[in-house]
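K.L.:
what follows is a predicted protein model with its sequence.
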Amino acid sequence: MKVYVLWHVYELTDDFGKHDEEKLIGIYSTEEKARNAIQSHKDLEGFKDLPLECFEIHEYEVDRSSWNDGFTTVCY
């Protein structure tokens with residue numbers, strides 16, 4: 001079974017420098033429901049001043065692990 005994870009991601013500059021600000025909006029059973037959530041969030045405070053491209057939908061398979069090879073942290 002697949003699910004569709006909706007994120008809002010943008011670059012933020014603050015006292016700590018530049019970094020990605022990520023908000024998990026929801027996990028949906030269909031891509032259409034995730035797209036509908038974008039439509040219902042895009043005009044809300046905190047989202048409306050940023051481009052629609054900040055919304056990202058990622059498809060995941062349920063009961064399947066990710067990062068199976070590990071990961072490397074990269075700092076800028």
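P.N.:
All right, it came through fine.
K.L.:
can you pull out the helices in this protein?
P.N.:
Here the chain has its helices, by DSSP state H, at 31-41.
K.L.:
quick check on the residue sitting furthest away from the middle of it: phi, psi?
P.N.:
Within the chain, Asp15 marks the point farthest from the mean C-alpha position, 23.1 Å out by CA atoms, centre = their mean. Listed backbone geometry of Asp15 is phi -60, psi -20, with angles given as degrees, to the nearest 10.
K.L.:
which stretches of this structure aren't confidently modelled?
P.N.:
For the chain, applying pLDDT under 70 flags the ranges 75-76.
K.L.:
could you rerun that using 80?
P.N.:
74-76 (pLDDT under 80).
K.L.:
for the closest residue to Leu50 other than its chain neighbours, what are its contacts?
P.N.:
Nearest non-adjacent residue to Leu50, counting by CB to CB, 6 or more residues apart in numbering: Tyr10, 5.4 Å away. C-beta here means a position set from N, CA and C on the backbone, and glycine is covered the same way. Contacts for Tyr10 were tallied using CB atoms under 8 Å, 6 or more residues apart in numbering; they are 20-21, 50, 54.
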